[in-house]
Each structure stands twice: as C-alpha cells, then as structure tokens.
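> The sequence and its predicted three-dimensional model are supplied below.
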There are 2 protein chains.
Amino acid sequence: MTLKSLRRYVPILQWGRQYDRHTLSGDLMAAIIVTIMLIPQSLAYALLAGLPPEAGLYASIAPIVLYAIFGTSRALAVGPVAVISLMTAAALGTIADQGSMGYAVAALTLAGLSGAILLVMGLLKLGFLANFLSHPVIAGFITASGILIAVSQLKHILGIPASGSTLPEMTLSLLQNLPSTNVATLLIGLSATAFLFWVRKGLRPLLGRLGLGPRAADMATKAGPVMAVVGTTALVWALGLEADGVRVVGAIPQGLPPLTLPSFSPDLIRLLLLPAFLISVIGFVESISVAQTLAAKKRQRIDPDQELIGLGAANIAAAFTGGYPVTGGFSRSVVNFDAGAETPAAGAFTAVGLGIAALVLTPLIYFLPTATLAATIIVAVLSLVDFSILPRSWAYAKSDFLAVATTMLLTLGLGVETGVTAGVLVSILLHLHKTSRPHIAEVGLVPGTQHFRNILRHSVLTDPAVLTLRIDESLYFANARYLEDYLSDRVASDCPIRDVVLMCSAVNAIDLSALESLEAINHRLKEMNVRLHLSEVKGPVSDRLKTSHFLEDLTGRVFLSQYDALCHLSPELSGTDPTAI
Amino acid sequence: MTLKSLRRYVPILQWGRQYDRHTLSGDLMAAIIVTIMLIPQSLAYALLAGLPPEAGLYASIAPIVLYAIFGTSRALAVGPVAVISLMTAAALGTIADQGSMGYAVAALTLAGLSGAILLVMGLLKLGFLANFLSHPVIAGFITASGILIAVSQLKHILGIPASGSTLPEMTLSLLQNLPSTNVATLLIGLSATAFLFWVRKGLRPLLGRLGLGPRAADMATKAGPVMAVVGTTALVWALGLEADGVRVVGAIPQGLPPLTLPSFSPDLIRLLLLPAFLISVIGFVESISVAQTLAAKKRQRIDPDQELIGLGAANIAAAFTGGYPVTGGFSRSVVNFDAGAETPAAGAFTAVGLGIAALVLTPLIYFLPTATLAATIIVAVLSLVDFSILPRSWAYAKSDFLAVATTMLLTLGLGVETGVTAGVLVSILLHLHKTSRPHIAEVGLVPGTQHFRNILRHSVLTDPAVLTLRIDESLYFANARYLEDYLSDRVASDCPIRDVVLMCSAVNAIDLSALESLEAINHRLKEMNVRLHLSEVKGPVSDRLKTSHFLEDLTGRVFLSQYDALCHLSPELSGTDPTAI
C-alpha cells in the first residue's frame, strides 16, 4: 500500500501534518462546549435505548476517537443519537429484558454488527444503497420517530411503568398506569421540560437584551440541559425526594470505559442482522447529510465511501468499550462546528473531557432524576417533528405523498423497522409502476426550428404518412410489452401511416426484454407494410443494439437526429431537398 | 350494465352472433384432433402434479368451457400444462402426502385461489404486474423447469420410488434407489421414449416420402402419444407385466367430472397464497404470449385484462370440478390453431370429447403403464429446454445474463418458487442499480445543425464558459445524490465555467427527492457564481416543477431547446444574434 492510498483510508495522516496552534485553540474551545452539552445528552440517550446511563458516556468516548482517525468530515461529532437509540431499543426489546446482562451484550453485538456492515459497505463502495432511502421516506421516518421517542419518555415524566414499541401499545400502557402517577416526579419532569423550552425560546432574546453577543448567547442556551441537571439533582438531594418515589439515576460505576466483548452467537447475530443493517443505513444517511451540510460551508469535501469506513470503525469501537450503536449526530455536530472546531482533533479532546467526566463526575449524579433526562430528550426530539412534508409532497406528487404517509403511519403503528422498510419498498414499487407505463408523445416539427415537440402541447408540423413517437422512458422489461400494445393499437387504427419513427432521445437503455419487443414490433409493422425507423439513439444504447441482429433486421433506418429523419421521410415538410443530405 | 360493456366482459356474445356452418366445421375438426392429443397429455400432467390421472381429464373439461365464454383468444386451449403441474407439485409437496385426500383438496384450493387472484387482477386491471417477469427470467425459468420435470419422471421410467423437488434432492434420491430398478418397466419406458422421439424426428419425413401432405403428416405425428399409450397398454395386458412389478394407472372412476369443494381453511389459504400468486402470474404470462402470437397471425386483438378474467374463471371452474390449476398451453393451442379452430367453440367441443373419454374410455386404460406417461412428459418438456438464452444474454448485456443465470441455478437448486422470485428480485435490483448511476454526457453543437451530441463521441462545438450536461435518466431518489456529487466535482474543478445547462431531453420525471437535490445544486452553484439553466424540459416534468418554488429560485432560465440556450449563452458559437431570438 502506497503512502497516498494509505492517506486516502486514514485521513488523519492528511490534516494531522498541518496541525498548528490556531487549529488547536479552535478545537479545544469546541471540545469544552461539546463536552458540557454531551454529558446530559449521553446519559439521556442511553436511557432511551434501555441501557444504564454510563453506556451513553462510553459510547461517546472511543467511537469519537476512531472516527477522528478514519472519518473525512472535519466537524462531525459521533456518538449516541436519538433515532438510533430508539431503533436500538426496538431491536433489543424482543430479544432480552431491559437491565439484564443479555440486553447489554446484545447492544454491544448490535454495535459490532452495525460496524462490520458499515465497513463492508465502505470497502465494497456500496454507499449508493443509502440512496434508496428517498427524501420523503427519511422525512416521514424522522418525524414519526420523534413522536415515538417523545411518547416513550412520558413514563419517566409521570413516574410510572409503561412498555411497548409502537404508538398504540405505548399509549395504551401509559393510560393503564396513569392512576399511579408520582406527583413529585411529575412536578420535576414538567418544570424541567418547561425550563428547557424556555431556554430554547426565551433565554437567547433575554441574553441579547442583557448585552451578550449572539454567539455567546447561543452557546449559553446549549448549557440549558446542564443547568436543568444540576438544579433538579440538587433539589432531589436537598429534599430527599428519592424517598417519595422519584426515580434517580443511582450508582454509576466510576472509571474509564471498560473493555467489553460482543457476543458471537450465530443465533443472536441472525436475529440482529436486519436491525443492524437498518441502523447502519439510517445512521449513515443522517451522518452524511450533516457532514455534507457542514463541509459545504467551508468548501471541504466529504468522501461517502470513506465515511462508511469511519462510522464502521466508530461502531466497532463502541462494541468493545461498553457502548451501543452510534452515528454522526446533527445537534452535537452543529454545536461543534459553531464553536469553532477546525479538525477531528476537537472530537478527540471531547473524548478526553467525557473520559474525565466518567472518572470523576459520576458520583455527583447519583440523585439526578430520570424525569430530567426524559425532559431533555423530549425537548430535543420535538425539533425533529415536522409535518410540513405532508402538504409539500401532496402538492408536488401523490406518489411522494404516499411514500411519506406509509412510512409515517407504519412507523407509528408497527414500529421503526417495519416503517422504514415499508417506506423503501413503497418508494421502489411506485417508481417501477410509474416507469412501467411510460409517457409516449406524438411529436411534430416546431416551425422555423429543427426541434420536435408534443403535438398536443405545441403547434407543430406533421405528415400523416409519418408517425413520430417520442418514448419518454428507458425501455426495459417492465414497460416493453406496453410499447408493443401501444404501437399495435396506434398503427392498426390509422391507415395512411407508411413510416413509424421512434425518437429515442429519452431512451437511456434498452434491455434484452425490450429488444425482443422491438423485434416483435418491427416484424408486425412489416406485415402491415409500415417501415420502422429509429432516431436520436444514444451512444451507449446504439453500442448495445449493434451486438444483436436487430439493426440488420430493421425495415427502416437509424437517423442521427429527428430532423434528419423528417428530411428523408417527408422532404416537403422539412423544406429541404432530400438529395442534399 | 349496458349491452356493450357486457360484451366486453363476456366476449362469447360477440363471436357467438357470427357463428355459422363454416366456423362450425373448422371448430369440430380442431376439437377432434385436440381431444386425441389431450387424453394422454392430461393423464400425464396429473401424474406430474402428484394427482390421480383423472384429475388431468377433469381439469381439461370445465375450465376450457369457462375460458370459451370469457376469454378473448380464438384459439387458446386451456388446461393442465407442464410447468404449472410442476409448480403445483412443489406447492403441495410441503403440505400433504401425495395420494392423500388432503393433497387433492389442497390442489382444488390452489386452483380456486389462483382463479380468485387472476379475477381480481383482471378486474383491477393489474395485468401489468406480469411485465415484471422479464424475458431473461422467463427463459431461464422455463428451461430450468423443463430439466426438473424431465428428471422428476425418471423414477417412473426406472420403476423406483424417489422424492425431492430440487435437482440435487431428486438426483440423490434416484441414485439411492437405482439398485431396485424394475427391468420390465425400464424396457417399456425406454421404448416409449425412443418411439416418441422417432415420431417427432423421423415419422414426418417418412410420411412425406410416402406421399402424405405436410399438414396431414403433422397431424399424424401429434397422435404419437396415443399410439404409444395403446401399444404399451396392450403389451402390459397381453404379457401380464403388472405381475412383474410394472406400475399401471389402475382403476379410474368412470364418469363426468365430479362436483368438488375447495377448502376455505384460513391456515391452508395462508400457506398456498404465495404459490397461488406465482402460479397465476406465470400461467398468465405463458398463456398471453401464446394467445398474442396466434392472434397476430390473423390480425385479431387480445385484451390482457379480459384474459385474466377468462383464466380466472377457468381456474375457479377447475376448483369446483376435481381439477387443479390450469392455463393456456403452448402445444395444445398451436395444434388447435393449426387444425383450423376458428372460435372458442372448438374448446367447448374438445370438452365434450374429453367428457366422453372420461365416461367411456377410462376402463380401457387400466393397464396403461405410468412409464409411458412419463415418456410422453419427458419428450414434451425437452423441447422447453433451450440454453441459447445464456450466450445470447451474455453477448447483449451482463445484467440480463445475471438474471438468467440466477433464475436457472436457483430454480434447479432451490425449487421453482425460490427460482422465479429470486429472478424477479434480481432483475429489479439490477435495473435500480443501473438507474442509480446515470450516464451523464457533456454535449456540444454538431456543426451546421441545431443538434447536440456527446463531446466524447462526436466532433462538436463547445464554449468553455458554458457547461452543458445531458442527464440520461429520470431523476429520482436513487440517483439524486449522484447528480449532486457529480456536479459539485465537475464545476469546482473547472474555473472558466459561468453557466451550467442541464439538458433534460432524457429526464422523464423528477421526484421530490430529486427536486431537493436540484435546489441544493442551484444553491451551491450560486455560491460559486455559476448560473444554472434547464433546457428541453418535457411537458409533464415542467408541469410538476411549476407546483414548487424551484423555478422561481432558479438562478438561470428554462429554455425550450438546447439550441435556444446556446443562442442566448454563447451567441458567437451558435452564429446567431441573441437579440433576434
């Protein structure tokens, strides 16, 4: 392996050489701010995933370092995120009980599998698979997941037990247990939620009026969750609310991330393979969108295949250090970027900060109420919920709307895995259905030009003996027979037709099934004494046709342009002398 | 319902009114020949499906009458066919033991379900679903099925028990039981096979030399199986070979098709739903290809959706009269057509002939050896086996070859259902993969024309400040991000570019995901001080874009033709004065 290709796979070798005091100060500042923000967030997302709070801290330490070595984004912050935490809980819920040893090992295994899948996709350059998650499916999925996450946290705010992984299950379970609501917990949860909303909406204008610069005010609002954590923890400790049934985080092991081993049981791997694949693809899509948005602002490049390798390495690190599946998070990456992170070293410094927190701070959060963590989750995910995609897709195309609505409804009603899988399948089926009945336009010459347009939309010149059809689709198995039927019907019912020209400017491919159909069409038209011509056949299509017998059997000719075809077939119309061509 | 729409759904009301003595004589002649051919064929295919021989006769009587009423083909002969019989055996093999009551009821249920599916597809006009069976998949599937069928009959020729529904299973089972081969059975089987091959290859030239006309010679060869049946039955009876272990058809109930009821058990229906769907679609594809081939010869029309209704009615008839799934068969339909069938009444007359056979002839075939039936099957299906699709698809396109090879290998190795399903999925995935990385050509003006072609293939004029890209694919979720990446890279590395024109002559649709990408592209190019233009946007695409904000935000213009665009953006190159446009 040459040094150049090594640098391609290990981007740290590139930016590491240019590291200086300026980049160091930017990175350090960003790391401090992100660390303060990540401590409560990591604990909260672990809770959402059904894991002990320290798993969230661990999942933020080693993965961030591995991504710093292998990733191509300068500002991406990798760690636990809301949607992946929800998907983790959904995947593990059917396999083991929350809090059991099996659950924690399954989480490690899920991270390891997900890492392996991402690595393989990166090495085989399969990043394009993520493109099958269409924009409507992602938008619908994120909104539905946001709702599921918010509802899943209500039990912590109410201080009641509840279960379920779909909206109907969770709602039912919440309603059944509502009578046993713990008033102290509810008060803490509601105040924390209200405070965090106020921090988002009211604090920044207030700080502005107090003379703080917009950037500083922005940073201060990011510390909102920390303030809520400190305030409510102190309250529970001071008033001894634990005795009143307020659930607290409790004892957390004090120390650096442990060395752990995922399970290699084939049965467990089989059960987790599909969830791990979905988590990988969705994590990759979320991460790459954030990375590209941030890179565009500084004209930097993101290499999608290398990103797969970076995220793969991060997840494998999570599997061996007590974590669970991670990806590049939106909010933390934006904070990192805004705080001035220049290189992935900011991530490494954040890891050091979180390591110190895991070593030193854990005893201090014994009295942290889970209701506060639930409040930080609820406030964070409600910004994901955005129903505007529904009217937007409805206005643009009903098929896009159908994909959004299916994804949303099935995610809410049947869970995250079913929802996203169904969304992808519906998008693909709708696309195939659309291309199986291609738009076929009868075209004529726009007077005074050499340009041909639809006779129904433009006022154009035509010759009754020459039928020119522009097929607005690649010809392949799903629409080959449609063209056969269309042409048989069209020509049989129109006697003067002597020549049929298929204008292939929009035909980007002709597969073997379509070739058979074209041969059948040529043969049938020949029996009707009608010649078949092609025009504007693209290079790649023409190359392929030349490997078959079709062009030799063709009763007519292949014209470079439709105008050429018209000059030959109806010279009076084109106003040219055919012998001059 | 008006009379006209009634005639559309019941085509017998159309041709029935023009029925006369001429059509009657053609139909009667055809019916006699087809009946003689169908008696051994029906018995043999029932054997292949694992059912008692009379089920084959029953499946040829009522269904043919129902198709005559509802079908649109004048010459199609509906009944049991080889591939569907094999699929029936594969579907029922996992549910009940051959020869049990449950097996026969499951066969009726499979026919009923298949009929219901076909009817629903016909009424909802879902015939296009059959288009997803691409030509390579069908060709691979038919060839592999032919091999499976032939191998499955070897046990009858050898007179040994054997089981299995895939090639490896069947081969292993045959080899294990080979030592118990019954010599008398083997001799009968081999002679019958040799005789039938000779009838196909040697009899017709011989009859020709003896002065028989080609059509009469052709018809005589169709009677080959009947001769084999009569000869071997007489032999077994005369020599008492049954005592030597030669398996015979045995006692068959004498009478018209019984009235039977399929099962309505939800469990059974759930198990049979997927096989019934595959049988329906494959049966429909086989049937419609035969019907269209024959109709084209007489300039008649086939209505695919009405064909679904005709075949659906035929299968439901099979379910209630002791049959099993049926479809329009290739060989029997061709014989029917060649023998002069003018209307579907020929089918009804055939049904009468087979009814008489079921009433009168059944005692006569008590001594018919199953080895003879197996021989007729083997000789018939070997004509289905055609490996030429392999080199043909290899030469034309590797993706088509991959679809053929997958279908063939999986059908042989894992069975018919897995094979055909995998073939369809592979075709769809290959198509999606191809369209996810569209061909993008940089184009220039062909001198002296208004036509634009790829700069790499043609010698054309270009302006370094104007980049014109022709995107050879509809823009949708699977390729939207690819275009984004391509444009960012292309424009960033080429400083003089001032205008980018996307030539959309091959863009047949733009979905919501692609719209988001175009907005991103427009935004990014704006930051680079490059204007984005579109040209040759098709009507349907343009209509859709107008419902969004994209056209208002576009930094450049939308030109009717690429030549217009060039006249505006680089008048010196197009040789026109821009103010004149």
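Cool, got the structure. Model, not experiment: these values are computed from the prediction.
> What are the boundaries of the helices in the stretch 401-550 of chain A?
A:416-436, A:477-492, A:512-527, A:539-545, A:550-553 (DSSP state H, counting those that start in this stretch).
> Save the ones you listed as CSV, and put in mean neighbour count and mean pLDDT too.
C-beta: built from backbone N, CA, C; applies to glycine. Below are those laid out as CSV (neighbours: other CB atoms under 10 Å in any protein chain shown; pLDDT from 0 to 100):
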stretch, mean neighbour count, mean pLDDT
helix A:416-436, 20, 88
helix A:477-492, 20, 83
helix A:512-527, 20, 87
helix A:539-545, 17, 89
helix A:550-553, 13, 91
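> could the ones you listed go into a markdown table alongside distance to residue A:572?
Shown next, in a markdown table, are these (distance: least, CB to CB, whole Å):
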| stretch | distance to residue A:572 |
| --- | --- |
| helix A:416-436 | 37 |
| helix A:477-492 | 22 |
| helix A:512-527 | 23 |
| helix A:539-545 | 29 |
| helix A:550-553 | 28 |
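> For my notes, please list those in a markdown table and give distance to chain B for each entry.
Output for the helices of the stretch 401-550 of chain A, formatted as a markdown table (distance: least, CB to the nearest CB, whole Å):
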| stretch | distance to chain B |
| --- | --- |
| helix A:416-436 | 5 |
| helix A:477-492 | 3 |
| helix A:512-527 | 4 |
| helix A:539-545 | 5 |
| helix A:550-553 | 10 |
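> So which bits of the biggest helix by length in chain A are buried?
Longest helix in chain A, counting residues (DSSP state H): helix A:266-297. Within helix A:266-297, the residues that count as buried by 16 or more other CB atoms under 10 Å in any protein chain shown are A:268-269, A:271-272, A:275-288, A:290-296.
> How about stretch A:323-334?
Residues A:323-334 are the ones in stretch A:323-334 that count as buried (16+ other CB under 10 Å).
> Give me the distance from the longest helix of chain A to the chain's centre.
8 Å (CA atoms, centre = their mean, to the nearest Å).
> could you check the distance from the residue of the stretch 51-200 of chain A found nearest chain B over to residue B:518?
Closest contact between the stretch 51-200 of chain A and chain B, by CB to the nearest CB, is at residue A:134 (3.2 Å). Between residue A:134 and residue B:518 the computed distance is 14 Å (CB to CB, to the nearest Å).
> same question, residue A:380
Distance from residue A:380 to residue B:518, by CB to CB: 31 Å.
> cool, and residue A:565?
Taken as CB to CB, the span from residue A:565 to residue B:518 is 32 Å.
> Could you do residue A:308 as well?
For residue A:308, the distance to residue B:518 - CB to CB - is 26 Å.
> list the contacts for residue A:399?
A:430-431, A:434, B:511 (CB atoms under 8 Å, 6 or more residues apart in numbering or on different chains).
> and of those residues, the nearest to residue B:398?
Nearest to residue B:398, judged by CB to CB, of the contacts of residue A:399 is residue A:431 at 23.0 Å.
> So which residues of chain A form strands?
A:78-79, A:327-328, A:439-445, A:452-454, A:466-472, A:499-503, A:531-535, A:558-559 (DSSP state E).
> Give me the sheet partners of the second one and which way each runs.
Sheet neighbours of strand A:327-328, with direction, are listed as strand A:78-79 (antiparallel) (DSSP bridges).
> what does the strand it pairs with contact?
So strand A:78-79 is contacted by A:38, A:42, A:59-60, A:63-64, A:67, A:71, A:287, A:310-311, A:314, A:326-329, A:332, A:347 (CB under 8 Å, 6+ apart).
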